[in-house]
Each structure stands twice: as C-alpha cells, then as structure tokens.
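Peer 1: no FASTA, just this:
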Ligand SMILES: Cc1cc2nc3c(=O)[nH]c(=O)nc-3n(C[C@H](O)[C@H](O)[C@H](O)COP(=O)(O)OP(=O)(O)OC[C@H]3O[C@@H](n4cnc5c(N)ncnc54)[C@H](O)[C@@H]3O)c2cc1C
C-alpha cells in the first residue's frame, strides 16, 4: 500500500509533542528520499533543524496552515 499524505509529500520533523518525530507519508517515493530523510531527521533531533537542506516545508504544520505542497512530477 502507498502511505499517501494529503499533498503526496513526506511529513518530516518534530511536532508539539516533545520527542515525537515524523518521517512518513512518502506517498510512493520514500526509497528515493531515504538517505536525505535519515540525515535531515538526525540533524533535526540533534540540532532542532536540518542544516544541510531546508526541509521545513515538509513539517506537519503545513496541513493545519493550509500550506500544502504542489508538485506535478510525482507518480
Ligand atoms: C508498490 C510500491 C512501489 C513503490 N515504488 C517506489 C519507487 O520506485 N521508488 C521510491 O522511492 N519509493 C517507492 N515506493 C514507496 C516506498 O516503498 C515507501 O515510501 C517507503 O518504503 C517508506 O518507508 P518507511 O520506512 O517510511 O515505511 P515502510 O517501509 O512502510 O516501513 C514501516 C515499517 O513499520 C512497520 N510497522 C507498522 N506499524 C507498526 C507498529 N505498530 N509496530 C511496529 N512496526 C510497525 C511495518 O511493518 C514496516 O516494516 C513504493 C511503494 C509501493 C507500495
């Protein structure tokens, strides 16, 4: 089964619950993202944010804010 998020992009990062982090909802392209996901999530857990790449647009808050991502080049 594909684990689709509402905008077909990953959910990556922490949330309001301390110590709870998301790296899911890859919507059919999670294998491709996995090396960057691992590095980004490690940096988020250790430093509070990913420094090698800005992944803030993948935060779960985007759904509550209505800031869904639009990408036409996914399967
Ligand atoms: C048919 C198909 C084709 C795909 N093709 C591609 C592709 O070509 N390229 C690409 O990049 N991506 C592809 N994907 C997507 C990719 O496989 C996923 O995005 C990726 O595997 C997600 O990795 P994950 O570690 O987040 O989750 P998963 O690989 O789903 O791993 C989650 C793990 O958690 C376990 N689990 C679940 N609930 C619990 C629980 N309560 N307690 C303990 N363990 C639990 C599950 O058993 C599973 O082992 C495809 C997906 C599908 C279905």
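Peer 2: Thanks, I have the structure now. Small disclaimer: the values here were computed from a predicted structure and weren't measured. Residues are numbered from 1 along each chain as shown.
Peer 1: switch to C-alpha atoms for all contacts and neighbour counts from now on
Peer 2: Will do.
Peer 1: how about residue 50, what does it touch?
Peer 2: Counting by C-alpha atoms under 8 Å, 6 or more residues apart in numbering, residue 50 makes contact with 40, 41, 42, 43, 44.
Peer 1: how about JSON lines for these, with neighbour count added?
Peer 2: Converted to JSON lines, the contacts of residue 50 look like this (neighbours: other C-alpha atoms under 10 Å):
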{"residue": "40", "neighbour count": "22"}
{"residue": "41", "neighbour count": "21"}
{"residue": "42", "neighbour count": "15"}
{"residue": "43", "neighbour count": "17"}
{"residue": "44", "neighbour count": "18"}
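Peer 1: return the subset of those residues lying in helices.
Peer 2: Applying DSSP state H to the contacts of residue 50, the entries found in helices are 40, 41, 42, 43, 44.
Peer 1: in the protein, where is pLDDT below threshold?
Peer 2: Along the chain, the model assigns pLDDT under 70 to residues 74-75.
Peer 1: residue numbers of it in contact with the ligand?
Peer 2: Near the ligand, the residues belonging to the chain are 1, 2, 24, 26, 27, 28, 29, 30, 31, 32 when assessed by C-alpha under 6 Å from any ligand atom.
Peer 1: so what's the most centrally placed residue in the chain closest to, chain neighbours aside?
Peer 2: Nearest residue to the geometric centre of the chain (C-alpha atoms, centre = their mean): residue 12, 2.5 Å. Leaving aside its sequence neighbours, residue 12 sits nearest to residue 23 (C-alpha to C-alpha, 6 or more residues apart in numbering; 4.6 Å).
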